[in-house]
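Chemist: Starting from these lines, generate the structure:
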Amino acid sequence: MIHFLASIGRAVMAALAKVGSVALFALETISHLFRPPFYGREFWHALIQIGWLSLPVVGLTAFFTGGALALQIFAGGSRYGAEAVVPSIVAIGMVRELGPVLGGLMVAARVASSIAAEIGTMKVTEQIDALVTLSTHPMKYLTLPRVLAATLAVPVLVAVGDSVGIMGGYLVGVGRLDFNAATYLKNTVDFLEPWDITSGLFKGAAFGFIVATMGCYHGMQSGRGAQGVGAATKSAVVSASVLIFAANYILTELFFAA
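Modeler: The predicted model follows:
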């Protein structure tokens with residue numbers, strides 16, 4: 001019994017130590033935001049890699065999600081004669097939840113793995129040690145530009161995903177479910193409130209911060225060799241995805257709890 005409790009205690013302590021390590025890493029990253037020098041070239045490069053190059057996957061994901069959501073809501077609503085709610089529920093479902101969460105997950109799959117692999121490879125090949133030798137702080141040069149770029153780019157991706165997802169629902173509603181086009185658009189616009197859209201953008205910023213922080217953290221913690229880089233890449237995607245779901249619940253509770 002004592003050995004069993006001891007094993008549970010060790011697991012809990014290890015988990016708390018990991019949480020503390022990630023929190024300190026995030027705080028150190030934020031602290032560098034207010035201290036020069038600033039590496040603008042690295043920031044713009046990260047902004048293109050995270051934002052612009054993620055547009056296709058986020059857009060396609062949102063489009064098909066919006067279409068499938070319209071079909072599902074119509075099928076459920078038809079049981080109660082409530083087919084007319086399709087435009088409203090598609091719109092609020094996309095901007096409040098599905099747009100930010102799916103956009104964050106797609107960026108996590110694409111960006112967190114890429115960042116972790118890139119920084120992990122730099123650590124294995126001792127390029128990070130070379131930066132220190134050249135009096136360049138690795139956190140400021142590698143971590144801060146990526147975290148800042150993701151925090152700014154993901155809300156834009158979420159806004160694009162929301163629009164594309166609503167368009168997907170519109171095309172399915174009009175072309176497949178025989179909704180009137182003008183009525184569908186009017187119901188969509190009338191039902192949405194500014195806070196619904198703004199809350200999704202706030203979520204996008206939080207998710208972008210999580211994705212880039214997890215990618216950089218696990219890259220910096222990467223073990224030696226190809227196996228260590230692979231493990232860091234996997235851990236970055238898994239931890240970013242789990243934290244996105246956890247943060248989504250917390251933010252939803254803060255934004256919409258009665």
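
Chemist: Just the buried residues of the strand or helix carrying L157, please?
Modeler: Counting by DSSP states H and E, the element that carries L157 is helix 144-175. Using 16 or more other CB atoms under 10 Å as the test for burial, helix 144-175 gives 144-174. Just so you know, the C-beta spots here come from the backbone N, C-alpha and C atoms, and that holds for glycine as well.

Chemist: Quick check: next helix or strand after it?
Modeler: Sequence order places helix 181-191 as the next helix or strand after helix 144-175, per DSSP H and E.

Chemist: Can you point out the helix or strand that includes the residue nearest to M122 when sequence neighbours are not counted?
Modeler: In this structure, M122 finds its nearest non-sequential neighbour in I128, 5.3 Å apart by CB to CB, 6 or more residues apart in numbering. Per DSSP H and E, I128 falls inside helix 127-133.

Chemist: before we move on, what about T233?
Modeler: With DSSP H and E as criterion, T233 is part of helix 225-256.

Chemist: can you tell me the average pLDDT over that helix?
Modeler: Averaging pLDDT along helix 225-256 gives 90.

Chemist: Quick check: buried residues in that helix?
Modeler: 228-229, 231-233, 235-237, 239-241, 243-244, 247-248, 251-252.

Chemist: and the residue nearest in space to the middle of the chain, what element?
Modeler: By CA atoms, centre = their mean, the mean C-alpha position of the chain lies nearest to G104, the distance being 2.3 Å. Using DSSP H and E, the element containing G104 is helix 99-107.

Chemist: From the contact counts, what lies against that helix?
Modeler: Helix 99-107 sits against helix 55-77, helix 144-175, helix 194-220, helix 225-256, with contacts defined as 3 or more CB pairs under 8 Å, 6 or more residues apart in numbering; DSSP states H and E.
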